[in-house]
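J.: this one's sequence-less:
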Ligand SMILES: Nc1ncnc2c1ncn2[C@@H]1O[C@H](COP(=O)(O)OP(=O)(O)OP(=O)(O)O)[C@@H](O)[C@H]1O
């Protein structure tokens, strides 16, 4: 048995955001998963929000990067350094005599054995006494207050930055799931490509994300205003401002949204009938930042004929679930995964 104490942490190590949950306190840290480094020395210039504001704005000798991609570690050393920084911030008021924390850290359900090992090792390198992986949709379901331990079916769709995780959960386990590496980042990329092709205008990742949040929608956008955007004209090389409509952005997002809808449908098709009936009663629950895209609930509902609800504070569900799962840490001991 592990004695879980108030020092122990749950970490949502996300492609877009990292959140830390401390038992008894809730979420104590919420920062973008971004690090700015000096190119030659690898010295850290900024982490989190400060680093995110530098994306696309750094001089030649500094690079602002996201060390996680598609839900997994793309840059091991930088991820470990970023986590170390965040763990230190989260534990700032803790006594130095308590020792290192146990850490529950989320991983996408479609991850390979090697990718999972990297997350565990990076968490230990960042300061964990031991690290326990929890599958992201399972954590999301706990965080959304779904009855995951009961013999009833719950369905969660977690739309993050790098991955969308769809899972059916019952009796403390995932019955069936699908993880696709299509989510918020892919939506941003679709907006960049649309504006480049249609207007010969180059915009950055940050601008694309802002457009998505301000006027983006799944399906028909009703009553959403146009937006003025700035970028670099690819023909003249000069800065240029254009006005885009919400309809244009909805059409740019169409393929990404429907890839998510397909993943939901595929998972429903593999769901045993008793559990499907439970989900019909309770509804599909959306979590993750992508759940905030306008009308995404409506489109998934129309395409599946199922009730769809957005969890309260969808951006926090995985972190809350990861933290709450600390109470059941013995169930999450590092099981070897099949090599995929
Ligand atoms: N209002 C909004 N409308 C649309 N998308 C949004 C909104 N708010 C946040 N997002 C998107 O949600 C994504 C981040 O969500 P979240 O923090 O759940 O992901 P993550 O946990 O970091 O990623 P992953 O689970 O893939 O590792 C980003 O792509 C962000 O642009």
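T.: Sure, I can see it. Just so it is clear, the structure is predicted and the values come from calculations on it, not from any experiment.
J.: mind listing what's buried along stretch 258-275?
T.: Judged by neighbour count using 16 or more other C-beta atoms under 10 Å, the buried positions of stretch 258-275 are 260, 261, 263, 264, 267, 268, 271, 275. C-beta here means a position set from N, CA and C on the backbone, and glycine is covered the same way.
J.: my guess is the first one contacts residue 158. True?
T.: No. Checked against C-beta atoms under 8 Å, the pair residue 260 and residue 158 is beyond contact range at 10.6 Å.
J.: please enumerate the shared neighbours of the two.
T.: Listed as contacting both residue 260 and residue 158 by C-beta atoms under 8 Å, 6 or more residues apart in numbering are residue 164.
J.: sorry, back to before: keep only those of the buried residues of stretch 258-275 that are in strands.
T.: Counting by DSSP state E, no part of the buried residues of stretch 258-275 is found in strands.
J.: dump the residues you listed to a markdown table, plus distance to residue 26.
T.: A markdown table is the format used below for the buried residues of stretch 258-275 (distance: C-beta to C-beta, whole Å):
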| residue | distance to residue 26 |
| --- | --- |
| 260 | 29 |
| 261 | 33 |
| 263 | 30 |
| 264 | 30 |
| 267 | 30 |
| 268 | 33 |
| 271 | 32 |
| 275 | 31 |
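J.: narrow those to those in helices?
T.: Among the buried residues of stretch 258-275, the residues falling in helices (DSSP state H) are 260, 261, 263, 264, 267, 268, 275.
J.: out of those residues, who's nearest the ligand?
T.: residue 260 (12.0 Å; C-beta to the nearest ligand atom).
J.: tell me the pLDDT of the closest one.
T.: pLDDT recorded at residue 260 is 98.
J.: which residue packs closest to it, ignoring adjacent ones?
T.: Nearest-residue entry for residue 260: residue 164, 5.2 Å, with adjacent residues in sequence omitted and distances by C-beta to C-beta, 6 or more residues apart in numbering.
J.: what sits against that neighbour?
T.: With contact taken as C-beta under 8 Å, 6+ apart, residue 164 is in contact with 157, 158, 179, 180, 182, 183, 260, 263, 288, 290.
J.: who wins on neighbours among those?
T.: residue 158 (35 neighbours; other C-beta atoms under 10 Å).
J.: can you list the strands that the helix or strand containing that one pairs with?
T.: Residue 158 is part of strand 154-159, with elements assigned from DSSP states H and E. Applying DSSP bridges, strand 154-159 is found paired with strand 164-170 (antiparallel), strand 284-287 (parallel).
J.: for it, the distance to its chain's centre please.
T.: 12 Å (C-alpha atoms, centre = their mean, to the nearest Å).
J.: check stretch 69-77 too.
T.: For stretch 69-77 - counting by C-alpha atoms, centre = their mean - the centre lies 13 Å from the chain centre.
J.: residues of the helix or strand hosting residue 299 that come out buried?
T.: Assigned by DSSP H and E, residue 299 falls within helix 296-304. Using 16+ other C-beta under 10 Å as the test for burial, helix 296-304 gives 296, 297, 299, 300, 301, 303, 304.
J.: and the closest residue to residue 190 other than its chain neighbours, what is it in contact with?
T.: Spatial nearest neighbour of residue 190, excluding adjacent residues (C-beta to C-beta, 6+ apart): residue 252 at 5.0 Å. Contact analysis of residue 252 by C-beta under 8 Å, 6+ apart lists 190, 191, 193, 194, 195.
J.: buried subset of these?
T.: Of these, these count as buried by 16+ other C-beta under 10 Å: 190, 191, 194, 195.
J.: pretty sure the second one sits against residue 214.
T.: No. In this structure, residue 191 is not within contact of residue 214 by C-beta under 8 Å, at 11.1 Å.
J.: domains in the protein, by residue range?
T.: Structural domains assigned to the chain are 9-136+318-334, 139-182+259-314, 184-252, following the TED database.
J.: would JSON lines of those domains with distance to the ligand be doable?
T.: Putting the domains of the chain into JSON lines (distance: least, C-beta to the nearest ligand atom, whole Å) gives the following:
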{"stretch": "domain 9-136+318-334", "distance to the ligand": "2"}
{"stretch": "domain 139-182+259-314", "distance to the ligand": "2"}
{"stretch": "domain 184-252", "distance to the ligand": "2"}
